[in-house]
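requesting a structural model of the entry that follows:
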Amino acid sequence: MKLELQQFFDFYKVINVKALSERLGMNQSLLAQYVKGIKKPSPAQTKRILNGIQQVGKELSAIRFIL
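Predicted coordinates for the structure are as follows:
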């Protein structure tokens, strides 16, 4: 699946921009501008954001609950 950054955050509303920006060490307002489509991230910034999102996904998929 290929999505633009804004589409991704519209679809996955559960992803918190503030928390992700802190995790990435990225300015929150800048990431919010990317998410809202106000600014377009460079290819390097896009890769940085994607890598961060994918890392969160890996961590979530590795979680095992105690039953």
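
burial count for Leu31?
Applying other C-beta atoms under 10 Å, we find 23 residues neighbouring Leu31. All C-beta atoms are positioned from the backbone trio N, CA, C, and that covers glycine.

ok, it - contacts?
By C-beta atoms under 8 Å, 6 or more residues apart in numbering, the contact set of Leu31 is 17, 20-21, 24, 49.

spatially central residue for the protein, please.
The residue at the geometric middle of the chain, judged as the C-alpha nearest the mean C-alpha position with C-alpha atoms, centre = their mean, is Ile53 (4.5 Å).

check the gap between Lys18 and Ser61 for me.
Distance check for Lys18 against Ser61: by C-beta to C-beta, to the nearest Å, it reads 23 Å.

centre of the chain to the helix or strand hosting the residue nearest to the centre of the chain, how far?
Element membership for Ile53 (DSSP states H and E) is helix 43-62. Its chain's C-alpha centre and that of helix 43-62 lie 7 Å apart, by C-alpha atoms, centre = their mean, to the nearest Å.
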